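**Q** With the sequence up front, the predicted model follows.
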Amino acid sequence: QVQLVESGGGLVQAGGSLRLSCVASGRTSSSYTMGWFRQAPGKEREFVASIRWSGSTVYADSVKGRFTISRDNAKNTVYLQMNILNAEDTAVYYCAAGLVVAITTPSQAHYWGQGTQVTVSS
């Protein structure tokens, strides 16, 4: 089992920045692909970004150029740096992990965090 704990969410004004963190514990492995998803009220959970053990990344079109995913394998931590935030980024952000090549859909994730709320005021 792998446990994921997110932190770093909060309230920010449009145009501002936040950095989310996700710490993994348990049967962790740097071989896991890590990802971030988000879910706004009344909407389905959607892909944001993912990063493989090698450091290769994939981003949703809606966040390209604004968000950056990174990982520190020594600390079992993955980050999501979010810049130029807008109201459409408001959602609960979830960290995910899986022993897969990529995580771009919720079904590909084997483990989930509890989520952290990000609210962007316009």
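**A** It's in. Numbering: from 1, shown residues only.
**Q** Please make it C-alpha for all contacts and neighbour counts, starting now.
**A** OK.
**Q** Would you mind confirming that residue 50 makes contact with residue 104?
**A** Yes - taking CA atoms under 8 Å as the definition, residue 50 is a contact partner of residue 104 at 7.0 Å.
**Q** any common contacting residues for the two?
**A** Residues touching both residue 50 and residue 104 comprise residue 35, with contact defined as CA atoms under 8 Å, 6 or more residues apart in numbering.
**Q** Comparing the two, which residue is more hemmed in?
**A** Summary of the neighbour comparison: residue 50 and residue 104, criterion other CA atoms under 10 Å, with residue 50 having more neighbours (27 against 19).
**Q** How far away from the center of its chain is stretch 37-45?
**A** Computed by CA atoms, centre = their mean, to the nearest Å, the separation of stretch 37-45 from the middle of its chain amounts to 13 Å.
**Q** Just the buried residues of that stretch, please?
**A** Along stretch 37-45, the positions that meet the burial threshold by neighbour count (16 or more other CA atoms under 10 Å) are 37-40, 45.
**Q** Equivalent analysis for stretch 62-77, please.
**A** 63, 67-71, 77.
**Q** For the residue positioned nearest the centre of the chain, identify the helix or strand it belongs to.
**A** When the chain is reduced to its mean C-alpha position, the closest residue under CA atoms, centre = their mean turns out to be residue 36, at 2.3 Å. Of the helices and strands defined by DSSP states H and E, residue 36 is found in strand 33-39.
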